[in-house]
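# Quick one, fold the following:
(chains A and B)
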Amino acid sequence: MRRMLAIAWKESIEIMRDSRTLTLAIILPVIMILLFGYAINMDVDHIPVGIADLDHSRESREFQQKLFSPGWLQKKTEHTNLEFLEKEMQRGNIKMIIVLPPGFAVSLKRADTAQVFAGIDGSDNMSGSMSMAYFQTFLALYEMRRMELLYGIDRDRAPGFESLPRIFFNPELESRYFVLPGIIVLTLAVLSALLTSISIAREWERGSMEQLIATPVRPWEILYGKLLPYIGISMIQLTLTIILGVFLFGVPLRGSLLNLFLVSLLFSVGALGLGLLFSSVIKVQIIAMQVSMIATLLPSVFLSGFIFPIESMTPIIQAFTYIVPAKYYLVMVRTIFLKGSGFAAFWAEAVFLFVFSMIVLNAATHKIVKRVA
Amino acid sequence: MFRQTVHSLVVKELKQTMRDKRMRFIIFVSPIFQMLLFGFALDNEVKHLPTTVYDLDNTSASREFIRILSEGGYFKTTAKQSGANDAATELLMNRAKVVVIIPGNFKQKIDSGMNSPVQLLLDGSDSNAALTATNYIRQMGQKLMTNKPPASIELRTFTYYNPDMKPKFYLVPGVFIMVLTVITTLLTAISIIKEREQGTFEQLVVSPIHGYELMAGKMIPFLIIGTIDVVLISLVAVFGFGLPFHAPLLPFILINFIYVAAMLGVGLFISTVSKTQQQAILSTFMFLFPAIILSGFMFPIASMPEPIQWLTYINPLRYGIEAERDMLLKGSGFAELWIHLVALFVTTIGLIGFGAFRFRKMLVQ
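Okay, the predicted model is just below:
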């Protein structure tokens, strides 16, 4: 224990010496939260649309006015030539084309079926499908309003079923509440692995590892001693990001702060341990860092459930997500922040993360032992 | 003389990079592996949502309702006959993201031609899933309306460039750029630092090699490696995922080449402003992470606040992704993408210029 603390102290001095790296490590999560808390909005807003109003009637103008006034879809171009609009779409200036054909008003008045044409840019996932979904909802509401006006149809009497949605935890569906915990997790996941990935490789490169091993220090004491100061850094990063998220961006923290810190501790052990594992296996600083970046950055963004739902992935890929520690932490952080539930809600994630951390740390220790022999 | 010096520097750098088995793995195998992994993984459609259905009616009508609900693959339903009072607990305990409560008089009401309300409880902490689930169920309701009034508006839809609206088609070009970006920046960001830390930089400086020769000798090998990666990744995109290759060849080659050069510029920039490898790698992260998030791949740029939208104009990833999608799916060429080409070109020249300037200063010191 005393030897472990000595290693920890030595590592701390080593970290302090490069004050610029330490500052970067602490400031980076803050920058990310500030930038993305402000920048990110998953709602459809101002999607540029080109419209061809071939009817030129009072009804079609009214339709346009109703469609564009909320500002979700934004009229960018109006032109009667469809080819012109298609050119605009190819250039990427508009994401959606809406055509109101001639006779639109007449069919509406005669209570025939009026046709509306809508085309979206299928090369852009975000704008395309979201604007189409919005347009469909708009049409349904538009129709309902007309029905009520024309026939006085009472919605409650219409046969069939009606869904009464009630949204829990985030009734306004504020995407920031969904995204910000994710940003905290991703930043910590990558930074942790990057920071520790050099720590053991450095000793090997300098040749000081042999000296360390010649002392009565045991491999696990080296490893856990090196882990300790970085856990300290992680906790500082986490505290800063939580303060910003809650007080600046108003993300509700409904669960217990203690639970949040407990799971964060667990996560940082796992994420830092991953860096230590790369470091002790690869033993060359540069390569260990590059591997850490490749193994954590894109996998954490894509396979953690940050944006892309894990449930939609094929079973083989889903199995792959089990080795992405950010996945477990993300579930726990979102649950603690927004739902306020305790360990009963995420004990499985906690166990998985614990097992992950233990495997990673043991493998790293084992690697040091084997190298000595 | 120039050619010979640069040539030997290039050979030295290539040898140094390639001689390590792990480096060869990072350069050639990891892009292919990542491309395959993410290409297969990503699907922004919300599917298989864990759903608990409290069927308090337990009649043929309610069972039919559940059957239709489970049909499209969007909801993975678990039916329960009682305990609806604890419905919210299902969400609280992460057992379900959607809870549907079918009331006891469901069949009776529908049979008598009335509207039967179905209660829907959604987990707003996953705002994306909650929104999508509401839309799915609303559409289902419209389909199930037994006695629909005649539709007054019929919507006819068409999806340009991707008629079947396959998610792979718009996601894979994005993954293409992400994987390429990470690998190219990562390689160059530490290339000069490495020499400085190992002390070989001084040796290079005192040798009769000019600064620009040294620069060229550092850049060309990574340009070669980056280009090979472009080819590998394109092959996976087209043959692995069946992406249409509508791209005119010359613009495709030129734009990708300039994109790789721009990323080398970023790496060079980082390498010349950092003092240690660790600083360089953290700076790389400081560039990569925002560049990925603000590229328009995951969050629509049009919805961002205006100052952030301006910021995306200097994000090479934005141009890269747009250009890649437009070339592969729309078949766009120089006529449509000249802005992207110019933007990437200016980025490259600017960054390499600045890098060269810092580099000269390093040589003098």
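
# Can you name the residue of the stretch 151-300 of chain A nearest to chain B?
Ranking the residues of the stretch 151-300 of chain A by distance to chain B (C-beta to the nearest C-beta) places A:Asn170 first, at 3.1 Å. Placement of C-beta: from N, CA and C, glycine included.

# On the three-state scheme, that residue is what?
Per DSSP: H, G, I helix; E, B strand; the rest coil, the secondary structure class of A:Asn170 is coil.

# what sits against it?
By C-beta atoms under 8 Å, 6 or more residues apart in numbering or on different chains, the contact set of A:Asn170 is A:Tyr177, A:Phe178, A:Leu338, B:Gly124, B:Ser125, B:Ser127, B:Ala130.

# The first one and A:Gly245, how far apart?
When you say that, I think you mean A:Tyr177. A:Tyr177 sits 9 Å away from A:Gly245, taking C-beta to C-beta, to the nearest Å as the criterion.

# re the thing from before, would TSV of the contacts of A:Asn170 with neighbour count and pLDDT be doable?
Putting these into TSV (neighbours: other C-beta atoms under 10 Å in any protein chain shown; pLDDT from 0 to 100) gives the following:
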residue	neighbour count	pLDDT
A:Tyr177	22	87
A:Phe178	26	85
A:Leu338	24	89
B:Gly124	23	83
B:Ser125	24	82
B:Ser127	24	78
B:Ala130	27	84
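
# Next, B:Thr51: phi, psi?
Dihedral angles phi and psi of B:Thr51 (degrees, to the nearest 10) take the values phi -130, psi 130.

# where do the strands sit along the chain?
Unless you meant another one, I'm taking chain A. A:47-53, A:73-78, A:96-100, A:114-121, A:160-168 (DSSP state E).

# could you do chain B instead?
For chain B, strands defined by DSSP E occupy the ranges B:49-55, B:75-80, B:98-102, B:115-123, B:153-160.

# Quickly compare the ones you listed and say which is most buried.
Comparing these on average neighbours per residue, with mean count of other C-beta atoms under 10 Å in any protein chain shown, the densest one is strand B:98-102 at a mean of 25.

# Which helix in chain A has the most residues?
Determined from DSSP state H, the single longest helix within chain A is helix A:343-372.

# cool, and chain B?
Among the elements of chain B assigned as helix by DSSP H, the one spanning the most residues is helix B:334-364.

# Show me what that one is packed up against.
helix B:191-198, helix B:211-235, helix B:249-273, helix B:316-325 (3 or more C-beta pairs under 8 Å, 6 or more residues apart in numbering or on different chains; DSSP states H and E).

# Ok, which of those helices comes nearest chain A?
Nearest to chain A among these is helix B:316-325 (4.5 Å), distances taken as C-beta to the nearest C-beta.

# Check what pLDDT residue 92 gets.
Defaulting to chain A. Per-residue pLDDT puts A:Gly92 at 80.

# I was thinking of chain B, sorry if that wasn't clear
B:Leu92 carries a pLDDT value of 86.

# all helices for the stretch 201-350 of chain A, in order.
With helices called from DSSP state H, counting those that start in this stretch, the stretch 201-350 of chain A shows them at A:208-214, A:219-243, A:257-282, A:285-303, A:315-320, A:325-334, A:343-372.

# mind putting those in JSON lines, mean pLDDT and distance to B:Leu36 included?
Shown next, in JSON lines, are the helices of the stretch 201-350 of chain A (pLDDT from 0 to 100; distance: least, C-beta to C-beta, whole Å):
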{"stretch": "helix A:208-214", "mean pLDDT": "82", "distance to B:Leu36": "36"}
{"stretch": "helix A:219-243", "mean pLDDT": "92", "distance to B:Leu36": "32"}
{"stretch": "helix A:257-282", "mean pLDDT": "94", "distance to B:Leu36": "22"}
{"stretch": "helix A:285-303", "mean pLDDT": "92", "distance to B:Leu36": "12"}
{"stretch": "helix A:315-320", "mean pLDDT": "88", "distance to B:Leu36": "10"}
{"stretch": "helix A:325-334", "mean pLDDT": "92", "distance to B:Leu36": "19"}
{"stretch": "helix A:343-372", "mean pLDDT": "89", "distance to B:Leu36": "23"}
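
# Give me the distance between B:Ser283 and A:Ile27.
As defined by C-beta to C-beta, B:Ser283 lies at a distance of 12 Å from A:Ile27.

# Can you lay out the helices and strands packed on helix B:334-364 as CSV showing distance to chain A, mean pLDDT and mean neighbour count?
CSV is the format used below for the helices and strands packed on helix B:334-364 (distance: least, C-beta to the nearest C-beta, whole Å; pLDDT from 0 to 100; neighbours: other C-beta atoms under 10 Å in any protein chain shown):
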stretch, distance to chain A, mean pLDDT, mean neighbour count
helix B:191-198, 6, 78, 19
helix B:211-235, 13, 89, 19
helix B:249-273, 11, 92, 22
helix B:316-325, 5, 92, 26
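
# Looking at those, which is nearest to A:Lys109?
For the helices and strands packed on helix B:334-364, distance to A:Lys109 was read as C-beta to C-beta. The smallest value, 42.1 Å, belongs to helix B:316-325.

# what domains does the record give for the chain?
Let's take chain A. According to the domain assignment given by automatic domain parsing, chain A is divided into the following structural domains: A:2-40+A:174-372, A:47-157.

# try again with chain B
When chain B is parsed into structural domains using automatic domain parsing, the resulting residue ranges are B:2-42+B:162-364, B:49-144.

# Any idea which of the ones you listed gets closest to A:Phe63?
Using C-beta to C-beta as the measure, domain B:49-144 is the one of the domains of chain B that comes nearest A:Phe63, at 20.0 Å.

# show me what contacts A:Glu86?
Applying C-beta under 8 Å, 6+ apart, the residues near A:Glu86 are A:Ile97, B:Tyr160.

# go again using 10 Å as the cut-off
A:Glu86 makes contacts with A:Gly50, A:Ile94, A:Ile97, A:Gly119, B:Tyr160, as judged by C-beta atoms under 10 Å, 6 or more residues apart in numbering or on different chains.

# got any ranges where chain B has weak pLDDT?
Within chain B, the set of residues satisfying pLDDT under 70 comprises B:1-2, B:142-153, B:364-365.

# which residue of it sits farthest from its center?
With C-alpha atoms, centre = their mean as the measure, chain B has its most outlying C-alpha, relative to the mean C-alpha position, at B:Ser112: 51.1 Å.

# in terms of contact, does that one touch B:Asn105 like I think?
Yes. In this structure, B:Ser112 sits in contact with B:Asn105. The criterion is C-beta atoms under 10 Å, and the distance is 9.5 Å.

# buried ones in stretch B:73-92?
Residues of stretch B:73-92 classed as buried by neighbour count (16 or more other C-beta atoms under 10 Å in any protein chain shown): B:74-77, B:79-80, B:84, B:87-92.

# re the thing from before, out of the domains of chain A, which is closest to B:Phe297?
Taking C-beta to C-beta, domain A:47-157 is the member of these nearest to B:Phe297, at 7.8 Å.

# what sits against A:Leu24?
In this structure, A:Leu24 makes contact with A:Asp18, A:Ile31, A:Leu191, A:Leu195, B:Ser274, B:Gln278, B:Gln279, B:Ile281, B:Leu282, B:Ser283, B:Phe285, B:Met286, judged by C-beta under 10 Å, 6+ apart.

# Would you mind telling me which of B:Ser283 and A:Ile27 has the busier surroundings?
B:Ser283 (22 against 14; other C-beta atoms under 10 Å in any protein chain shown).

# State the distance from that one to A:Met96.
The spacing between B:Ser283 and A:Met96, counted by C-beta to C-beta, is 39 Å.

# quick one: the helices in the stretch 1-150 of chain A?
Counting by DSSP H, counting those that start in this stretch, the stretch 1-150 of chain A has these helices, from start to end: A:2-17, A:19-39, A:58-68, A:82-90, A:104-109, A:125-151.
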